[in-house]
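> Below is the sequence, then the predicted model.
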Amino acid sequence: MIQYFKKSSPSELIESEQEQKSFYKKLKWQVFISATLGYGLYYVCRLSLNVVKKPIVDSGLLTESQLGIIGSALFFSYALGKLSNGFLADHSNIKRFMATGLLVSALANLIMGFTGTFYFFVICWGINGWVQSMGAPSCIVSLSRWYTDKERGSFYGFWSTSHNIGEALTYILTAVVATSFGWQWGFRAAAIAGLLGALMISIFFHDSPESKGIPPVNEDFRKEKISTWQEQKGVLKNPYVWLLAFSSAFMYISRYAVNSWGPYYFETAKGYTLTQANTLVAISAVCGIVGTASSGFVSDKFFNGRRNKPALIFGLMNVFALSLFLLGSKNEWWLDVISMMIFGLGIGALICYLGGLMAVDIASKQASGAALGIVGIMSYLAAGIQDIASGYLIENNKSVVDGVTLYDFDSISIFWISAAIISVLLALFTWKKT
C-alpha cells in the first residue's frame, strides 16, 4: 500500500505496514464521522428559521411574505456560494474551509436570536446562506480525497445521512427549546450547536492524505496529467451534469417545500400544535436517514454502481408521498405519519443521487467540488424561488371570516407536486449515462 508516511512531522515515520494501514484507517474514520456530524450541525444552523416561523407570525413581528423573502435570501446566497465555494474547495484546505463556514453560521444564528428587524434578518440570513455553502463541498472533496472509487458510493450515502441528522435535531430539539423559551432561543440553541460543531471539525477533520504524509489514494490525484482547472472546465461543458442539476433543482423545490413550510402547513391546514407539526416533519427526517444511508449501498450492491433505476424508484416515491401529504384526508394523524415516512425515504435517497453522487460519478475526482457546485447552484436557486413563491401563494390565498383565518392550499399543492414530477422526467434523460 504505502512504504512509509509521517504522522505530523518528518521525524515521526511509521515503518510497519500494519501500522500504516491502522493509522490510515483511523484518519479515514475521523474524516468520515466529523464530516457527517459536522454537516449535520450545519443543517441545525440552516433550518432554525423554519421551526419558528409560526411563532414569529403569531407575534406580529413578520408576515408570511417577509419570511419567504428572508428564507430566499439564504437560498440565493447559498446557491451562488455553492458554485464558487464548490470550485474553491477543490483547491483549498478543506479542514479550515469547513470549520470557518460553520463558525460564521453559528454567529449569524446567535445574532438573530437577539434582533427582530426584517432587513437585519435578511442580511444575517443571507450571510448564513453563503457560509453554509462551504460545508457540502468540503465533505464531498474529502470523500474523493480519502476514499477509493469502490468505497465512494456507499460512504457518500452514509455521509448524506448528515442532512437527516441535522433535520431531526432541528425539528425535535430546536422546536422543544423554542416552545419552552421563545422563538429567540430557537436561534440561540442552533448557534450553540454550531459552535460545538466547528470545534469538532477543527480537531478531527483532515484536509487530505498528503497532509498527513500519505500518498493519494485515487488515480485521478496520482496521475495529475490534467490540471484541476481543466477538469473543472470539462465538468462545465458536460450536458449530463446540467440535466442532473435541473432535475435536482425541481426535487429541491419539493424537498424544501416540506422542510420550510411543512410545519406551517401542518399547523394551519390540519390544526396541529407547533410541537406536533414539527414532530411530523421530524419523522420524515428520521426516515430520510434510512433512505440516504442505504442509497449508495443499494446502487453499488444491487445495480452495479448505476444510479438511474433506484433514482427513478425513489423519485416516484417522492411524488406519491407529496400527493398523500397534500391531497389526503385531514385530521388523520396516521396518514400524515405515513406520508412523511415515504417522503423521508424518497427524498433522503434523492438528496444522495440527484443532489450530488450521480454528478460526481461522471466527473473527474479532481473536479468533484465543481460538479457539486453546478448541481448546488441550480438546486438552491430553485429552493429560493420556492420559498418566495410558497410564501406568496400562502399569504394571497388566505382569508379572514368572522375573525378566523382560512387558508386555501390548492395552488401550493399543484406547485409542489408538479415540481416532483418534472424532477423525475428530467432524470430520465440521463438514463444511459448514469
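Perfect, I can see it now.
> tell me how far the longest helix along the chain is from the chain's mean position?
Across the chain, the longest stretch assigned as helix under DSSP state H is helix 17-51. Remark: helix 17-51 is offset 15 Å from the chain centroid, using CA atoms, centre = their mean, to the nearest Å.
> which residues of the stretch 1-150 of the chain score low on pLDDT?
Judged by pLDDT under 70, the stretch 1-150 of the chain has its weakly predicted residues at 1-16, 149.
> Which elements pack onto the longest helix of the chain?
helix 64-89, helix 94-112, helix 118-132, helix 135-146, helix 149-159, helix 161-169, helix 183-204, helix 239-270 (3 or more CB pairs under 8 Å, 6 or more residues apart in numbering; DSSP states H and E). Heads up, the C-betas are built off the backbone N, CA and C, glycines and all.
> And these: which comes nearest I388?
helix 64-89 (4.7 Å; CB to CB).
> the inter-axis angle of the closest one versus helix 17-51?
Going by axes from the mean of the first three to the mean of the last three CA atoms, to 10 degrees, helix 64-89 is angled at 160 degrees with respect to helix 17-51.
> and P55, how many residues sit next to it?
By other CB atoms under 10 Å, the residues close to P55 number 16.
> should've said F343
F343: 29 neighbours (other CB under 10 Å).
> The helix or strand it falls within vs helix 149-159, what angle?
Assigned by DSSP states H and E, F343 belongs to helix 333-352. Relative orientation of helix 333-352 versus helix 149-159 (the same axes, to 10 degrees): 150 degrees.
> Give me the mean pLDDT for helix 333-352.
Mean pLDDT, helix 333-352: 91.
> Remind me what that helix packs against, helices and strands.
helix 161-169, helix 239-270, helix 274-302, helix 308-327.
> Put together TSV for those helices, with distance to Y78 and mean neighbour count on each row.
TSV is the format used below for the helices and strands packed on helix 333-352 (distance: least, CB to CB, whole Å; neighbours: other CB atoms under 10 Å):
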stretch	distance to Y78	mean neighbour count
helix 161-169	14	25
helix 239-270	11	24
helix 274-302	19	22
helix 308-327	21	20
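> Of all the ones you listed, which one comes closest to A359?
Of all those, helix 239-270 sits nearest to A359, with 4.9 Å by CB to CB.
> Any stretches of the stretch 201-350 of the chain with poor pLDDT?
In the stretch 201-350 of the chain the weaker segments, taking pLDDT under 70 as the threshold, are 217-226, 228.
> same thing but at 90, please
Within the stretch 201-350 of the chain, the stretches with pLDDT under 90 are 206-241, 255-308, 325, 327-334, 348-349.
> starting at the chain centroid, how far to the helix holding F343?
16 Å.
> immediately after that helix, which helix or strand?
helix 358-361.
> ok now that next one, how far from the chain's centre?
16 Å.
> Over to stretch 253-268?
16 Å.
> With just CA atoms, put it into CSV.
This file holds the C-alpha atoms of stretch 253-268, laid out as CSV (Å, rounded to 0.1, in the frame of the first residue of the first chain):
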residue,chain,number,x,y,z
ILE,A,253,-38.5,22.6,-4.6
SER,A,254,-40.4,19.7,-3.2
ARG,A,255,-37.8,19.0,-0.6
TYR,A,256,-37.7,22.5,0.8
ALA,A,257,-41.4,22.9,0.4
VAL,A,258,-41.8,20.4,3.2
ASN,A,259,-38.7,21.5,5.2
SER,A,260,-39.5,25.2,5.0
TRP,A,261,-43.3,25.2,5.0
GLY,A,262,-44.3,21.7,6.2
PRO,A,263,-44.6,22.7,9.9
TYR,A,264,-46.6,25.8,8.9
TYR,A,265,-48.8,23.7,6.7
PHE,A,266,-49.5,21.2,9.4
GLU,A,267,-50.4,23.9,11.9
THR,A,268,-52.6,26.0,9.6
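> so how many other residues sit close to D408?
Number of residues near D408 (other CB under 10 Å) recorded here: 14.
> phi, psi of it?
Dihedral angles phi and psi of D408 (degrees, to the nearest 10) take the values phi -120, psi 110.
> and F187, what is it in contact with?
48-49, 52, 109-110, 112-113 (CB atoms under 8 Å, 6 or more residues apart in numbering).
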